[in-house]
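Chemist: fold the following, please.
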Amino acid sequence: MLRLAPPGFLRFSQTNSFDIIYGGGESNVAVSLANYGIPVSFVTRLPKNDLGECALMEMRKRGVGVEDIIFGGDRLGIYFLETGAVSRGSKVIYDRAHSAIAQIKSGMIDWEKVFEGAQWFHWTGITPAISQGAADVCLEAVQKASELGITVSTDLNYRAKLWKYGVEPEGIMTKLTSYCDIILGNEEDAEKHFGIKPEGLDITTQGHDVKAEAFLSVCQQMMEKFPRAKKVITTLRGSLSASHNTWAGVMYDGTTLFESPQYQITHIVDRVGGGDSFMGGLIYGLLKYPGDDQNALNFAVAASCLKHTIKGDANLVTVEEVRKLMGGDASGRVAR
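Modeler: Down below sits the predicted model:
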């Protein structure tokens, strides 16, 4: 999709121009994995026009496979972003109605062909929120992936402004998530999609002091609701302000709650795509460090910490840069 944002920290009412960035939940994950050297293909529907071609070229430029993208429809989905600072939060306005992906229908994608040679499929809660057609196609995908024995992961990504086509999210998301082996979601995702809450925590008033232990109950409730899930992961964002966050994560495998180090992100450049960069790092970590969930989690948190320093939707860091931060070097010194 297309992101249009006023330059810097200007408000919508102040700007005379918009910066253009191509991105989106699943595509951001794909870019991260491509940066880490993992062969990856992006599946979507784009309009056959210049903007669709620009989005396609952006994927190619980042090393993401585009052979599974189909074309149709009249327009590319858009979102407008006003970047917040200090005590002023960011604002997002979606313009995705009648977009190519919103008008996708069952049967348009040959999932049998798409999944040839694949070992992992990732989707986000944004896709089924767009339209009934997008939800139906997403269900086709997870069912076929499950049938073929492919690992399925999701980032629940609740977006209140997108669920506008007359259905409640819980029914659709419960069915889709039931096919997942790996589930990522924060406290809002769990509550809004499934009514699951962390015990003893109000994120709006205690968001500056997020404790990993508070989310153990969420992870346990999620595993009880979705018995197929092998791992439930939560990012821990402590928001002191729009410009200063703490960042960490936890992973629960049904027995052990793994906790990552906590990072202080004191001067956020761009927090959009933070969860996507975490998921990209987590998939890489689980593939590269099998049996070492702690290392996989630490890689994901460090990767997404670095994403907050990069303008745009996607994380453009290397494995070496992530490992450097994991090793304790957060100095930001010039490499000569």
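
Chemist: phi and psi next, for Arg3.
Modeler: Main-chain dihedrals, Arg3, degrees, to the nearest 10: phi -100, psi 130.

Chemist: ignoring the adjacent residues along the chain, who's closest to Tyr79?
Modeler: Of all residues not flanking Tyr79 in the chain, Tyr94 sits nearest, at 5.0 Å (Cβ to Cβ, 6 or more residues apart in numbering). In this view, the C-beta of every residue, glycine as well, is placed from N, C-alpha and C.

Chemist: quick one: His244 and Ala100, what's the gap?
Modeler: Per Cβ to Cβ, to the nearest Å, His244 is found 38 Å from Ala100.

Chemist: list the strands paired with whichever strand or helix holds Trp123, with their directions.
Modeler: Assigned by DSSP states H and E, Trp123 belongs to strand 120-124. In the sheet, strand 120-124 lines up against strand 151-155 (parallel) (DSSP bridges).

Chemist: next helix or strand past the strand it pairs with?
Modeler: For strand 151-155, the following helix or strand on the C-terminal side (DSSP H and E) is helix 169-177.

Chemist: buried residues in that following helix?
Modeler: Neighbour counts over helix 169-177 (16 or more other Cβ atoms under 10 Å) mark Pro169, Ile172, Met173, Leu176, Thr177 as buried.

Chemist: who touches the third one in this structure?
Modeler: Going by Cβ atoms under 8 Å, 6 or more residues apart in numbering, Met173 touches Gly125, Pro128, Leu156, His193, Phe194.

Chemist: how about the first one?
Modeler: Taking Cβ under 8 Å, 6+ apart, we find Pro169 in contact with Gly125, Pro128, Ala129, Tyr158, Trp163, Lys192, His193.

Chemist: if I look at the fifth one, how far off is Ala97?
Modeler: Spatial separation of Trp163 from Ala97 under the definition Cβ to Cβ is 13 Å.

Chemist: which of the two has more neighbours?
Modeler: For Trp163 versus Ala97, neighbours defined as other Cβ atoms under 10 Å are more numerous around Trp163 (19 against 13).

Chemist: if anything else comes up later, I'll come back, but that's it for now.
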